[in-house]
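> Any chance you could fold what I've pasted below:
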Amino acid sequence: MYTRHPFENNWEYKIVRARNNEFRYRHHLDALLQQEALAGWEIVEKYNDSQIRFKRPRSARTWDGDLPPHIDPYRTIYHPSAQSSDLQLIVLTMSLIIIVLVIATLGILASLPG
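Alright, predicted model coming up:
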């Protein structure tokens, strides 16, 4: 249970959510922490594998204009990099091709006389 006191000081808070429990994987968690640190955010609490709470001093707003264009200091949704998504798509496609080939091979072998 939160008291009003932590929110009355000179900090701002946010929760970043992931859609598929990505924070269970260390590389996603590390990527998020590094990106958020650029805007002055520090982790307060990892609720679970899809929600993390951050805080930063209100004074950090002063430098928001100097952040790289791809860094949104107030984002609340984590999206894995396109490379990670592309890799998952490639692995899924290759797996499906292998399954189809195995089924086709078994079907051909079953139809042979003998």
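> Tell me how far the lengthiest helix in the chain lies from the chain's centre.
When the chain is parsed with DSSP state H, its longest helix is helix 82-111. The chain centre lies 26 Å from the centre of helix 82-111; the measure is C-alpha atoms, centre = their mean, to the nearest Å.
> So for that helix, mean pLDDT?
Averaged across helix 82-111, pLDDT comes to 79.
> Show me how the protein divides into domains.
1-79, 81-114 (automatic domain parsing).
> ok, which stretches of the protein are strands?
Remark: strands assigned in the chain by DSSP state E are 11-18, 42-48, 51-57, 77-78.
> Show me the one of those strands that comes nearest Arg26.
Smallest distance to Arg26 across the strands of the chain (C-beta to C-beta): 12.1 Å, for strand 42-48. From N, CA and C alone the C-beta is placed, and that goes for glycine too.
> in the closest one, what counts as buried?
By 16 or more other C-beta atoms under 10 Å, the buried positions in strand 42-48 come out as Val44.
> Please renumber the chain so that the first residue is 45 from this point on.
Fine by me, first position is 45 from now on; the one you just mentioned is strand 86-92.
> what helices or strands is it leaning on?
helix 70-82, strand 95-101 (3 or more C-beta pairs under 8 Å, 6 or more residues apart in numbering; DSSP states H and E).
> Specify the angle between that strand and strand 95-101 in degrees.
170 degrees (axes from the mean of the first three to the mean of the last three C-alpha atoms, to 10 degrees).
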